[in-house]
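Visitor: here's a sequence, model it:
(4 chains, ligands or ions: 4)
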Amino acid sequence: MLWPWENQVLRLGLDIFQCRLLAAGMSQEFSHLTDELQLKEIARQVRRDIVEMLYHAKSGHTGGSLSATDILVALFFGVMRLKPGDPLWPQRDYFILSKGHAAPALYAVLARLGFFPREDLNRLRSFGSHLQGHPCALSTPGVEISTGSLGQGLSVATGIALGVRLNGAGQRVYTLLGDGEVQEGQVWEAAMAAAHYKVDNLVAILDRNRLQIDGRTWDVMSIEPLVAKWEAFGWHTMQVNGHSFPELLEAFQACRYFTGQPSIIIAHTIKGKGVAIFEDQVKYHGVAPTQEEYEQAKRELGEV
Amino acid sequence: MLWPWENQVLRLGLDIFQCRLLAAGMSQEFSHLTDELQLKEIARQVRRDIVEMLYHAKSGHTGGSLSATDILVALFFGVMRLKPGDPLWPQRDYFILSKGHAAPALYAVLARLGFFPREDLNRLRSFGSHLQGHPCALSTPGVEISTGSLGQGLSVATGIALGVRLNGAGQRVYTLLGDGEVQEGQVWEAAMAAAHYKVDNLVAILDRNRLQIDGRTWDVMSIEPLVAKWEAFGWHTMQVNGHSFPELLEAFQACRYFTGQPSIIIAHTIKGKGVAIFEDQVKYHGVAPTQEEYEQAKRELGEV
Amino acid sequence: MNGAEKQSTRVEYGKILAQLGRENPEIVVLDADLSGSTQTHFFARAFPDRFFNMGIAEQDMMGTAAGLAVAGKIPFASTFAIFATGRAWEQIRQSIAYGDLNVKIVASHGGVTVGEDGGSHQGIEDLALMRVLPNMVVLVPADGVETRAMVRWAAAYRGPVYIRTSRQPFPVLFDNDTYHFILGRGQVLREGQDVTLAGCGLMVHHCLAAADLLAAEGIAARVLNLSCIKPLDWELVVESARLTGALVSAEEHMTIGGLGSAISEVLTEFFPVPLQRIGIRDVFGLSGKAENLLKHFGLNPDDIKKAALKAVGRKKERK
Amino acid sequence: MNGAEKQSTRVEYGKILAQLGRENPEIVVLDADLSGSTQTHFFARAFPDRFFNMGIAEQDMMGTAAGLAVAGKIPFASTFAIFATGRAWEQIRQSIAYGDLNVKIVASHGGVTVGEDGGSHQGIEDLALMRVLPNMVVLVPADGVETRAMVRWAAAYRGPVYIRTSRQPFPVLFDNDTYHFILGRGQVLREGQDVTLAGCGLMVHHCLAAADLLAAEGIAARVLNLSCIKPLDWELVVESARLTGALVSAEEHMTIGGLGSAISEVLTEFFPVPLQRIGIRDVFGLSGKAENLLKHFGLNPDDIKKAALKAVGRKKERK
Ligand SMILES: Cc1ncc(C[n+]2csc(CCOP(=O)(O)OP(=O)(O)O)c2C)c(N)n1
Ligand SMILES: Cc1ncc(C[n+]2csc(CCOP(=O)(O)OP(=O)(O)O)c2C)c(N)n1
Ligand SMILES: [Mg+2]
Ligand SMILES: [Mg+2]
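Guide: Residues are numbered from 1 along each chain as shown, chains lettered A, B, ... in the order given. Ligands and ions are numbered 1, 2, ... in the order given. Presented below is the predicted three-dimensional model:
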């Protein structure tokens, strides 16, 4: 299937991402980035895009998009097998943004990979835009399933993992959860089922940014001990610094060697990471930057 | 509040249960049974009633009622503070049958305690009877809340425990879960919340009979390691033989000393316990005894 | 038509599903610890690798089904109607219907004829719950023949479908060789010009019996099988309203939100005439034998007859 | 009436709830990590011991609320409409409504004026989901005054109540001193004999504006505030049908299962006349500014006016 904007995408400038896009369109594999500096630079640009698009949208989720940025960059640029020019490529790996409110981060990454033009980003959340407030699979290429209602993504990811296992093409499925999100019981239903069915092609990442809407997770509804919980539910569990590319890439690599059970990477992050005024502030969960905050963020993140 | 049948109940014969009923109506406390032989005899009679009522109803849940019998007898006769003549006595302890399909066991126990006449039991599940197929709080005295849809009781029990804690009368709340039932995510939501709110007046009992409808729990959907799961969710966890009254009573006693967290007693049981042909047989989850099975059960359980 | 032989819609579902499993390797089946009741056990035994028992976890079952659909499979997910549509409503809404995913939900134990299990287990809101979802097709077969046709159709159709089956067997109504399911189409089972009786599921049979009762009183009733609740055959409803001037709807469901509600929406929108809605009138179910409950809730042919007489009377009143 | 001042129904809920907390120590409040949006934060701050944040766990929240009611408390449980009624539907059904427990559910973010968050967050099925439940009272206040009256009434009433509030503020419509909430009663806000415009929530305001537009074309519209969706004021509906012969329903909700559906049920049961239903026509919501969405989904006064003209035309047709 060819997306209408595919040609348009191909006509875009030829920086590294576009080259990868071309490569991806031409071979079955594409070369992953593993260089920390390159990944950091991409993450900086993605953060810059996120702030930009939220500022334009005047609403949206700043904190949880920025805490998840490095995880998404590591996954999409360093790990997953995808063809941005062919979003429904049958051999692709899958990514499900279970914490759907971090849509800006996902959109920024998808745009940079060439799933759709970066110009679209600034129409986030506007009427008629294909970039809905929460991921909508029917509108946005690269979005595998609609999310936004928390707690549902792990079940879907498990279903995809079971499905592709039946197909036997060795694809892997990734899903990103919020730490507040694990308060949803459906997450534990899915955790139990994924272990029961030994779906070892499934990797969950938990964005452990210690905040949810109403405050610190331990004030709102305690979720610790997380490692003990996931291990008791039969998962291979790792912990990393969610802002360290070497740690993230190593963890994703390690998951491949744990067979017979699903893996979860508990990624310790800072909500709002990358812009000092947003960092670890409960207030910036669901508000967009003001003009002043936007200027400040631009100064910190630099230009695109 | 006086139930319409209270006087009728009071006019019943004067065996030990009726005496306790009278006692309960007159003092704020009643003397609990701790004698193993007495409890065993009550349990035998309750099992006898269960088989009888299911046989008459021609449908209903045999296995899970019999596996839970000793637990219910220990609780209602040996642990809980109740006034059968005053089901809504404001100082009472609460019991929630989260695995609502074991209603026959609950009804048999309630009837023996004098909550309603034992004659009613044989109208289980019939049109117009107050003994509904699953517990219905609006029809049956002693039933605190309607259950039958699995996975909901622990939340309700937590709510009651929070409520009575606000009232400060030191009441305790008990709830019985099935082992298959813990596959419901809501159970883990409630588990997390009860630990977060440190409701130490809450005791859950898990009827670990190793069977659900479609087979062994480990074949249908693995739930082990149960102890690790509940501990990771912040619960004080004990394991007992769910058919041993000394063990059950000791465990209920022990729970009182664990403050600051809720307690769960994992009671290892045999589904269908007490009637050889029903024991550990998946088939008898949800069917009533045939004439032949009924005769056989009567021979094993003896007369009332 | 053959009134004598009885078939169970849930058993026919189970059998045709196993059959379809042989024909199409993309079909996968999920259940939530009720495969013996929903009848997915036939499929489970034949295709253990394509059968996923999710345990007692309806929400996860629906989400997993959505994922399997994303991976290109054709998932059928089954449990009791109350748990399928109620416990997992938001999963069906967000993970399935919102993305228009190719998931089939076939739920058994719709209605009060569930019987002894009582109010907690009788799914009498499922049609309302599914009808409000965009993209969702909502079907209630009236016999085994229609069940098989609908399930086969659903497997070939691309999009979410809800099918309600029943615990109790019904008489066989249709002919296997001539019955053909068409989305959005109802059938006229009997012609008549005085009043229209429109039912689904078991109540279609009761409508036919009521039509006999009415005929004995000189009233000619048109009988419709509106097994396709959504999209509803509104043209047939309007045509019947024009022709007969009064209608009775009959369903083993709340009179709120289900078939009767759908018909009343169509009537007020296109051709307002009197409608009497037969169904559960805003109360929960009860334990008892199916026949006791049908009587208690006023769902028998005689109740439909009385409603029809009332509808006919109202028609005259306003002329 | 005062069209200039605006108040938010959710903020007024939050404030009166804190006030009621002072008056009645039995009131307890639950939220699911949205206390800043639902506005229970006022209560949380004033009565931390009687406020329970259950985290992102709507099912458990409803079950816990049920338990608190069993223990004699008067729980108010709040989250977004889609999560309250959708994620926790079966808990509300089985643990609350089936046992007729004294739980109040006050859900914010009903309708499409939720705006930018998009389809996953716009609760446009909540009225259908709650209306099908026996014992449940379903309310949609049209302004801050009515919100306060309803919440105060709900705290005193013994049984389950669902109240929908909105993200966007509305103009103040009622007078604090004279407005009095009566269960099952609607209000006539404007008299007229050509057509009836019946709305709830924001759409009441749009009905009033539409009545102005219609007046300019010589059509006198009767305007109803049917803020009590269940039990519906069917006598007022029938009276209006008799008087005006045609109706328009208007709601920020699916045209299936909600207010329009309830009115159509009443009309076909008692007095069948044309009804045009204004609402979301069987599609999911979208991201965008509230005003874009109201326009896109045809929920503006002008749309109501057009529907009224159509209804009036249909009335003439059939005479
Ligand atoms: C089922 C559901 N309930 C409530 C919400 C509203 N909500 C959106 S984000 C959020 C907090 C999420 O916290 P967390 O999972 O920790 O995400 P992060 O900190 O990464 O943003 C809530 C409650 C929702 N989207 N879905
Ligand atoms: C939500 C829900 N899903 C499904 C059922 C149908 N059901 C009734 S009993 C049962 C099995 C219960 O197994 P378990 O909890 O182990 O109970 P026990 O073995 O003690 O009978 C199931 C699936 C139900 N009652 N509620
Ligand atoms: Mg967080
Ligand atoms: Mg069991």
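Visitor: measure the closest residue to chain D within the stretch 201-304 of chain A to B:Y197 for me?
Guide: Relative to chain D, the nearest point of the stretch 201-304 of chain A is A:M221 (2.7 Å; C-beta to the nearest C-beta). C-betas here are computed from N, CA, C, even on glycine. With distances taken as C-beta to C-beta, to the nearest Å, A:M221 is found 9 Å from B:Y197.
Visitor: ok, back up a step: SS state for the closest residue to the residue of the stretch 201-304 of chain A closest to chain D other than its chain neighbours?
Guide: Using C-beta to C-beta, 6 or more residues apart in numbering or on different chains and skipping the chain neighbours, the partner closest in space to A:M221 is D:G55 (2.7 Å). Here D:G55 is coil, with the state taken from DSSP: H, G, I helix; E, B strand; the rest coil.
Visitor: residues near D:G55, how many?
Guide: D:G55: 28 surrounding residues under other C-beta atoms under 10 Å in any protein chain shown.
Visitor: contacting residues for it?
Guide: Counting by C-beta atoms under 8 Å, 6 or more residues apart in numbering or on different chains, D:G55 makes contact with A:G180, A:Q183, A:Q212, A:V220, A:M221, B:E189, B:M192, B:A193, B:H196, D:A32, D:D33.
Visitor: mind putting those residues into a markdown table with distance to ligand 4, neighbour count and pLDDT?
Guide: What follows is those, written out as a markdown table (distance: C-beta to the ion, whole Å; neighbours: other C-beta atoms under 10 Å in any protein chain shown; pLDDT from 0 to 100):
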| residue | distance to ligand 4 | neighbour count | pLDDT |
| --- | --- | --- | --- |
| A:G180 | 32 | 29 | 98 |
| A:Q183 | 26 | 30 | 98 |
| A:Q212 | 34 | 28 | 98 |
| A:V220 | 33 | 24 | 98 |
| A:M221 | 28 | 27 | 98 |
| B:E189 | 21 | 33 | 99 |
| B:M192 | 22 | 26 | 98 |
| B:A193 | 24 | 30 | 98 |
| B:H196 | 27 | 22 | 98 |
| D:A32 | 30 | 34 | 98 |
| D:D33 | 33 | 27 | 98 |
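Visitor: mind jotting down where the strands sit in the stretch 201-319 of chain C?
Guide: Assigned by DSSP state E, counting those that start in this stretch, the strands in the stretch 201-319 of chain C fall at C:221-225, C:228-230, C:247-254, C:275-280.
Visitor: give me the sheet partners of the longest one and which way each runs.
Guide: To tie it back to what came earlier, the one meant is strand C:247-254. Strand pairing for strand C:247-254, determined by DSSP bridges: strand C:195-199 (parallel), strand C:275-280 (parallel).
Visitor: quick one: the helices in chain A?
Guide: A:6-10, A:16-26, A:36-57, A:62-78, A:103-113, A:153-167, A:185-196, A:217-220, A:226-232, A:245-255, A:291-301 (DSSP state H).
Visitor: tell me what angle the fifth one forms with helix A:36-57.
Guide: Orientation check (axes from the mean of the first three to the mean of the last three C-alpha atoms, to 10 degrees): helix A:103-113 against helix A:36-57 gives 120 degrees.
Visitor: can you list contacts of helix A:103-113?
Guide: Contacts to helix A:103-113, defined as C-beta under 8 Å, 6+ apart, come from residues A:17, A:20-21, A:42, A:45-46, A:49-50, A:53-54, A:60-61, A:65-66, A:68-69, A:72-73, A:76-77, A:82, A:84, A:95, A:97, A:116-118, A:120-121, A:124, A:131-135, A:140-143, A:148.
Visitor: test my guess that A:D280 contacts A:G274.
Guide: No - between A:D280 and A:G274 there is no contact under C-beta atoms under 8 Å: 11.9 Å.
Visitor: of these two, which one has the most company?
Guide: Counted by other C-beta under 10 Å, A:D280 and A:G274 do not tie: A:G274 has more neighbours, with 22 against 17.
Visitor: count of residues packed around A:K40?
Guide: Counted with other C-beta under 10 Å, A:K40 comes out at 14.
Visitor: do I have it right that it meets A:H243?
Guide: No - assessed by C-beta under 8 Å, A:K40 is found out of contact with A:H243, at 9.5 Å.
Visitor: tell me the contacts of C:Q276?
Guide: Counting by C-beta under 8 Å, 6+ apart, C:Q276 has contacts C:L247, C:V248, C:S249, C:A307, C:A308, C:K310, C:A311, D:E269.
Visitor: remind me which residues of the stretch 51-200 of chain A are low pLDDT?
Guide: Regions of the stretch 51-200 of chain A meeting the criterion pLDDT under 70 are absent.
Visitor: in contact with the residue of it found nearest ligand 1, which residues?
Guide: For the stretch 51-200 of chain A and ligand 1, the shortest gap (C-beta to the nearest ligand atom) falls at A:G178, measuring 2.0 Å. Residues in contact with A:G178, defined by C-beta under 8 Å, 6+ apart, are A:G64, A:S98, A:K99, A:A102, A:L150, A:L206, A:D207, A:N209, A:Q212.
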